[in-house]
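Peer 1: would you be able to build a 3D model of this:
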Amino acid sequence: LAMKRRLGASTSNILVVQTNLALTYQHLGRLEQAMQMQKDVYFGRLTTHGVEHTYTLTAANNYAASLVVLRRYKEAKSLLRKIIRVTPRILGETHEITLRTRKIYAQVLYNDPGATLDDLREAIETFEETGRIARRVLGSAHPLTKKIENALRQSRAALRACETPSAG
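Peer 2: Residues are numbered from 1 along each chain as shown. Next up, the predicted model:
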């Protein structure tokens, strides 16, 4: 990265390298460093391209996913609320990044320890809608479709657990 900077690489190329490095950090279990680098890439893309650009939306998605891995749900929810309406408008309802953004948002809703019943219901609705689109566009065997369907089962179970009175 330092060498690319010294050689005068473009900002866009440097952001690509940083994204790859962040993914490497994540695979190595260096999650905090990965998240910080994804954050830097997101803000770099935001500065370079603005919010309504595929690269920026992809970077926001990556940053949000890294926040979820660290269980920083409040930050992830704040970021996702900024892009959740922009993404389908720019990329389309059926674009994989739109589907991933919605999946991550629903995950945040139901994984947050402070989730309300309304949050769980919204997560389920989001998973159901996103799952329908993913099955139609990507097919039922696609890894993203499978992840959405699995998360839908988990969120339904979480809602049932919250709605079922405990014995006592």
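Peer 1: measure residue 65 to residue 81 for me?
Peer 2: Residue 65 sits 15 Å away from residue 81, going by CB to CB, to the nearest Å. Where C-beta positions appear, they are placed from N, C-alpha and C, glycine not excepted.
Peer 1: between the two, which is the more surrounded one?
Peer 2: More crowded of residue 65 and residue 81, by other CB atoms under 10 Å: residue 65, with 19 against 11.
Peer 1: give me the pLDDT for that one.
Peer 2: Note for residue 65: predicted pLDDT of 96.
Peer 1: that one: which element?
Peer 2: Element membership for residue 65 (DSSP states H and E) is helix 54-69.
Peer 1: with just CA atoms, put that helix into CSV.
Peer 2: Output of helix 54-69 as CSV, limited to C-alpha atoms (Å, rounded to 0.1, in the frame of the first residue of the first chain):
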residue,chain,number,x,y,z
THR,A,54,-21.8,1.4,-6.9
TYR,A,55,-18.3,1.5,-5.4
THR,A,56,-19.5,3.6,-2.4
LEU,A,57,-22.5,1.3,-1.8
THR,A,58,-20.4,-1.8,-2.0
ALA,A,59,-17.9,-0.3,0.4
ALA,A,60,-20.7,0.7,2.8
ASN,A,61,-22.0,-2.9,2.6
ASN,A,62,-18.5,-4.3,3.4
TYR,A,63,-18.1,-1.8,6.3
ALA,A,64,-21.6,-2.7,7.8
ALA,A,65,-20.8,-6.4,7.5
SER,A,66,-17.5,-5.9,9.4
LEU,A,67,-19.4,-4.0,12.1
VAL,A,68,-21.9,-6.9,12.4
VAL,A,69,-19.0,-9.4,12.8
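Peer 1: mind checking how far it is from the chain centre?
Peer 2: Chain-centre distance of helix 54-69: 5 Å, with CA atoms, centre = their mean, to the nearest Å.
Peer 1: over to stretch 92-109?
Peer 2: The answer for stretch 92-109 is 7 Å, by CA atoms, centre = their mean.
Peer 1: now it: buried residues?
Peer 2: In terms of neighbour count (16 or more other CB atoms under 10 Å), stretch 92-109 has its buried residues at 95-109.
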